[in-house]
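**Q** for reference, the sequence and a predicted model appear below.
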Amino acid sequence: MNHDIYVLGIETSCDETAAAVVKNGKEILSNIVASQMESHKRFGGVVPEIASRHHVEQITFVIEEAMNKAGVSFSQLSAIAVTQGPGLVGALLIGVNAAKALSFAYNIPLVGVHHIAGHIYANRLVAEMKFPLLSLVVSGGHTELVYMEKHGKFQVIGETRDDAAGEAYDKVARALNLPYPGGPHIDRLAQEGKATIDLPRAWLEEGSYDFSFSGLKSAVLNTLHNAKQRGEEIDPKDMAASFQASVIDVLVTKTIQAAKEYHVRQVLLAGGVAANRGLRTELQKQMAKLDNVELVIPPLSLCTDNAAMIAAAGTVLYMQGKRADMALNANPGLELE
Ligand code: KG4
Ligand code: ZN
């Protein structure tokens, strides 16, 4: 007899305390996210110690709310999936320990999930995954092109050599006196400005799918600094549009090149920066020129950190027989491959 698989996902790797229940790896029954953004805003970035404290305060309520909203009891759960890494170690530990406690108390199988695998699997909540596929993962901590030949098998074919795309967004936003996190603010300003300022694009060596954003970030800071010294005004809208154009140009060009070279059937967008309207539009436009390659872009709420994506990835790992035990530990530097 086929029976439904209910998985509770738990995510605490950074500044969102999140829990979700997903049915059969695809259907979201609940997706609760308690954001700490307001607490970190005045520091201009996530303060690890504050993040851990908020997770401790929130975790039980968030899990309870996710279970209640889903209308599922613990005895119905097939597994508990938790983000094991990468992320802030103190933050990860809260989720990992909550998951272990519940797994032990209710005797439910435990599955450790890589945060980036979660971002990629957010796509399974909106579309069937077709292999081989390529995922562009762009978040505050990661910028990677990941090739997947089948479920649960990840091959990083390109990654950033310095700043992540989201990190560059946040640093440039800070230089423009925009609040943290700056990505959405730059995105908004960019829609109103013109990309008139000449900024570099780091293509790196021929054939490389790696990225680099620190040179671009420095170029923005230098341009702003020099203008200020000369007493000139730079329109922040134009700077936002120019910066965004440079980031998107490199991200989209490399993604399309890799999609062609690896003959993939699908391209998935993942991570917080996937919420970027400019990126979504440009990728859609360029992908339309490729035959027989489907583009999947999750809705904004599934692009930024959430636990439904962890439950979705966890369901696949559970089906593959992967299990963690009480020795499961937070691993801030966990590798995807
Ligand atoms: O995936 P995520 O929620 O957390 C990490 O795992 O890092 O990504 C957060 C990042 C932040 O750097 C934020 O500025 C960026 O995603 N972000 C955006 C947009 N929305 C969020 N960047 C550009 N445009 C956006 N609309
Ligand atoms: Zn993330």
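**A** Arrived safely, thanks for sending. Ligands and ions are numbered 1, 2, ... in the order given.
**Q** surely Leu334 touches Leu92?
**A** No - if you go by CB atoms under 8 Å, Leu334 and Leu92 don't touch, sitting 9.1 Å apart. For the C-beta atoms, the positions are set from N, CA and C on the backbone; glycine is no exception.
**Q** find residues that contact each of the two.
**A** Taking CB atoms under 8 Å, 6 or more residues apart in numbering as the criterion, Leu334 and Leu92 both touch Gln84, Gly85.
**Q** so the two - more neighbours on which side?
**A** For the pair Leu334 and Leu92, the greater number of neighbours falls to Leu92 (27 against 19), based on other CB atoms under 10 Å.
**Q** surely that one meets Thr12?
**A** Yes - if you go by CB under 8 Å, Leu92 and Thr12 touch, sitting 6.3 Å apart.
**Q** now the common contact residues for those two.
**A** Thr83.
**Q** the stretch 201-337 of the chain against ligand 1: which residues are in contact?
**A** Contact residues, the stretch 201-337 of the chain versus ligand 1 (CB under 6 Å from any ligand atom): Gly271, Gly272, Val273, Ala275, Asn276, Thr304, Asp305.
**Q** could you list the domains of the protein?
**A** 6-121+303-319, 130-297 (automatic domain parsing).
**Q** name the SS class of the nearest residue in space to Gln155 that is not next to it in sequence, please.
**A** Excluding its sequence neighbours, the residue lying closest to Gln155 (CB to CB, 6 or more residues apart in numbering) is Tyr147, at 4.5 Å. Under DSSP: H, G, I helix; E, B strand; the rest coil, the three-state class of Tyr147 is strand.
**Q** next one: Ala195
**A** Ala195 ends up coil, using three-state DSSP.
**Q** now do the contacts for it.
**A** Asp238, Ala241, Ser242, Gln244, Ala245.
**Q** ranges for the strands of this structure?
**A** In the chain, the strands defined using DSSP state E lie at 6-11, 16-23, 27-35, 77-85, 110-114, 133-138, 143-148, 155-159, 266-270, 294-296.
**Q** Throw those into CSV and include mean pLDDT and mean neighbour count, thanks.
**A** Shown next, in CSV, are the strands of the chain (pLDDT from 0 to 100; neighbours: other CB atoms under 10 Å):
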stretch, mean pLDDT, mean neighbour count
strand 6-11, 98, 29
strand 16-23, 96, 28
strand 27-35, 94, 19
strand 77-85, 98, 27
strand 110-114, 98, 25
strand 133-138, 98, 27
strand 143-148, 97, 24
strand 155-159, 97, 17
strand 266-270, 97, 26
strand 294-296, 97, 17
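**Q** give the contact list for the residue of the stretch 1-150 of the chain at minimum distance from ligand 1.
**A** Nearest residue of the stretch 1-150 of the chain to ligand 1: Gly140, at 2.7 Å (CB to the nearest ligand atom). Residues near Gly140 by CB under 8 Å, 6+ apart: Cys14, Ala164, Gly166, Glu167, Asp170, Pro181, Gly183, Gly272, Val273.
**Q** buried subset of the residues you listed, written for ChimeraX?
**A** Selection command for ChimeraX covering only the buried members of the contacts of Gly140, criterion 16 or more other CB atoms under 10 Å:
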select :14,164,166,167,170,181,183,272,273
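**Q** tell me the pLDDT at the closest residue to ligand 2 within the stretch 201-337 of the chain?
**A** Going by CB to the ion, ligand 2 is nearest to Asp305 of the stretch 201-337 of the chain, at 4.4 Å. With respect to pLDDT, Asp305 scores 94.
**Q** what residues are up against it?
**A** Neighbour list for Asp305: Glu11, Ser13, Cys14, Asp15, Glu16, Ala18, Val33, Gly272 [criterion: CB under 8 Å, 6+ apart].
**Q** and Ala330, which of the domains of the chain is closest to it?
**A** domain 6-121+303-319 (3.5 Å; CB to CB).
**Q** measure that closest one end to end?
**A** Distance across domain 6-121+303-319, first residue to last, is 12 Å (CA to CA, to the nearest Å).
**Q** before we move on, what about stretch 72-83?
**A** First-to-last distance for stretch 72-83 - CA to CA - comes to 21 Å.
**Q** in this protein, which segments are predicted with low confidence?
**A** Within the chain, the segments meeting pLDDT under 70 span 1-2.
**Q** list, one by one, the residues from it near ligand 2.
**A** Within the chain, the positions near ligand 2 by CB under 5 Å from the ion are Ser139, Asp305.
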